[in-house]
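Asker: Sequence plus predicted model, see below.
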Amino acid sequence: FQVKSENKKTIWSTEEVPEGSEFDDTWDPREQPEYEILFKQQVGTEDVFFGMSRKDPSTACCEDMVIKIKLPETKVSDITLDIQDKVLDLRTPQKKLLLHLPCPVDSKNGKARFLSEEELLEVTLRMTREFDFINFA
């Protein structure tokens, strides 16, 4: 048994720490906002009318994940949003949300829009699941 370590005082390696744990702060008094996770599917006429593809209504055939977060009394300039492959971290002066996503996403190419009339932040992320090449062939 041999232990590789860059620094002899380190008690764990960076690979052992789960992604997103650096954001976890149990002492933060801000409350968690209400949110919902939806799955979105791109369909065309060949899917709807002809049934030519193998798509069905299940989440396995959805390409995008949409997270809707209610942020009452919030301005868009107050929102800090950080997205990683498996974690969404949202912070405002009143709210904090650390969300471990149900499946990995493409963290570099997401879209976010704030609907000020509804006080709602809508984040759309493309999922990157291991076997999507089978579902979307």
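Answerer: Cool, got the structure.
Asker: What segments of the protein are strands?
Answerer: 35-40, 64-70, 80-83, 87-91, 96-100, 111-115, 120-126 (DSSP state E).
Asker: For K9, find the nearest of these.
Answerer: strand 87-91 (27.5 Å; CB to CB). All C-beta atoms are positioned from the backbone trio N, CA, C, and that covers glycine.
Asker: got the angle between that closest one and strand 35-40?
Answerer: 140 degrees (axes from the mean of the first three to the mean of the last three CA atoms, to 10 degrees).
Asker: Show me which positions of strand 87-91 end up buried.
Answerer: Neighbour-count burial for strand 87-91, with 16 or more other CB atoms under 10 Å as criterion, is recorded at V87, L88, D89, L90, R91.
Asker: Same list (those residues) but as a markdown table, adding distance to K40 and pLDDT.
Answerer: What follows is the buried residues of strand 87-91, written out as a markdown table (distance: CB to CB, whole Å; pLDDT from 0 to 100):
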| residue | distance to K40 | pLDDT |
| --- | --- | --- |
| V87 | 20 | 93 |
| L88 | 16 | 94 |
| D89 | 22 | 94 |
| L90 | 19 | 94 |
| R91 | 25 | 94 |
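Asker: Next, count neighbours for L71.
Answerer: A count of neighbours around L71, defined by other CB atoms under 10 Å, yields 24.
Asker: pLDDT value on it, please?
Answerer: Reported pLDDT at L71 in the predicted model: 96.
Asker: Same question for K95.
Answerer: pLDDT, K95: 94.
Asker: How about it, nearest residue that isn't a chain neighbour?
Answerer: Of all residues not flanking K95 in the chain, P33 sits nearest, at 4.3 Å (CB to CB, 6 or more residues apart in numbering).
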